[in-house]
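Visitor: give me a model of this one.
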Amino acid sequence: MTRLDNSRVSPTVRRDLIVGLILIACVSAVPFLFPVRYVITQVTLFFIYAIVVSQWNLVLGVAGIFSLAQMALFACGGYVTAMLGLYMDWSLWAAMPVGAVCAVIVSTAIGLACLRLHGPYVALLTLAIAQVLYVLIITDSECFVKTATRCEPFSGGTSGLRRFGDLGFRKLLGGDWIIANYFVGLGLLVLAMIFSAAITRGRLGLAFRALRDNLGYTRSRGISQFKYQLMVFALSAFFTGFAGAFYAAHFKSIGPTVFSFTLLLMLLAMIVVGGIGTVWGPIVGAVIIMLLDEGLREFQDYRTMGLGIILAVFVLLLPKGLVGAVDSIFRRTSRKGS
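Guide: Residues are numbered from 1 along each chain as shown. The predicted structure is shown next:
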């Protein structure tokens, strides 16, 4: 039995490694083949969004919990990093992990609040929590710090937080700092994908899927919904918070725009288009949606509507997403061949 399981797992792991190494090699060449600031910035932003959707996929796709709090966790990581840099003069290298840990704490609290809820009620509660944080930020107008030009509120209010430092590459590398940041983002994405794949392919992923597909059976087998639901909320939050922290460090600002509905819809579309519950689906979806979003840049008024149409089409016609559809085709072909 053990040999059979190993024979099933090994090709999958081998395929993940080969695909991952090819993608890393291709993406590593981008700053040198296309040394344009705009291209490097957009690909760095892709790394950040890909980290977020790879972790959101653990909650939404693997565990089947319809949480909409992911950007609140992203904002938590970013705001904590910015505040530590601005108010306590911390190095952002030290502040980013703290921001990620704070996101884990907030996510665990959200998971506790959602324990007795299912389906759309989880979505409504998590969206409400994110909106409460958004309102608290934009209505923060009391003076906390006086600068040479204005009086800044604690959270930055509608303007957000700025001038809290960077990762230090500007002093070391001059104009090439953006390339260094690019590879930091790539490194974070690689770590997040290894983490995501290990959970999805491992025992935790099996437990999450079992709770998603047959709650009654898993309870009868002694699998604790309380334990595993809290676990998936906490685990998925670390790299989400780290992505928010790196976003703040890279762009040297963080503001309430990260809570925008358009951004939330775009990230959700990445998961659905790529393949919900799959390892590589969020990455494929992130590439496609960011390219489409770039194409719709000239039509800002239709951007949200376009994302909504794409979501509807895939939900109705291709619910497994592109990666899921390709996997299904390969499985059918292999069955016919055997």
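
Visitor: how many residues are close by residue 318?
Guide: If you count neighbours by other Cβ atoms under 10 Å, residue 318 ends up with 14. Bear in mind the C-beta positions are built from the backbone N, C-alpha and C, glycine included.

Visitor: for it, grab phi and psi.
Guide: Note on residue 318: its backbone torsions stand at phi -140, psi 70 [degrees, to the nearest 10].

Visitor: pLDDT value on the residue nearest to residue 80 when sequence neighbours are not counted, please?
Guide: Excluding the flanking residues, the one nearest residue 80 by Cβ to Cβ, 6 or more residues apart in numbering is residue 99, at 3.9 Å. On the pLDDT scale, residue 99 is placed at 97.

Visitor: tally of neighbours for residue 99?
Guide: With neighbours defined by other Cβ under 10 Å, the count for residue 99 comes to 30.

Visitor: ok, the one 3 residues further on next?
Guide: Residues contacting residue 102 under the criterion other Cβ under 10 Å number 21.

Visitor: buried residues, stretch 34-52. List them.
Guide: Of the residues in stretch 34-52, 40, 43-52 count as buried by neighbour count, 16 or more other Cβ atoms under 10 Å.

Visitor: that older thread, residue contacts, the residue nearest to residue 80?
Guide: 76-81, 84, 241-242, 244-245, 248 (Cβ atoms under 8 Å, 6 or more residues apart in numbering).

Visitor: quick one: end-to-end distance for stretch 217-233.
Guide: Distance between the two ends of stretch 217-233: 22 Å, counting by Cα to Cα, to the nearest Å.

Visitor: which parts of that stretch are buried?
Guide: By neighbour count on 16+ other Cβ under 10 Å, the buried set for stretch 217-233 is 218, 223, 228-233.

Visitor: equivalent analysis for stretch 197-210, please.
Guide: By 16+ other Cβ under 10 Å, the buried positions in stretch 197-210 come out as 197, 199-200, 204-205, 207-209.

Visitor: so which of these sit within helices?
Guide: 197, 199-200, 204-205, 207-209 (DSSP state H).

Visitor: list just the nearest of the buried residues of stretch 197-210 to residue 68.
Guide: For the buried residues of stretch 197-210, the residue nearest residue 68 by Cβ to Cβ is residue 208; the value is 18.2 Å.

Visitor: sorry, back to before: tabulate the ones in helices among the buried residues of stretch 197-210 (a markdown table), appending pLDDT.
Guide: Putting these into a markdown table (pLDDT from 0 to 100) gives the following:
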| residue | pLDDT |
| --- | --- |
| 197 | 93 |
| 199 | 93 |
| 200 | 91 |
| 204 | 89 |
| 205 | 89 |
| 207 | 88 |
| 208 | 89 |
| 209 | 89 |
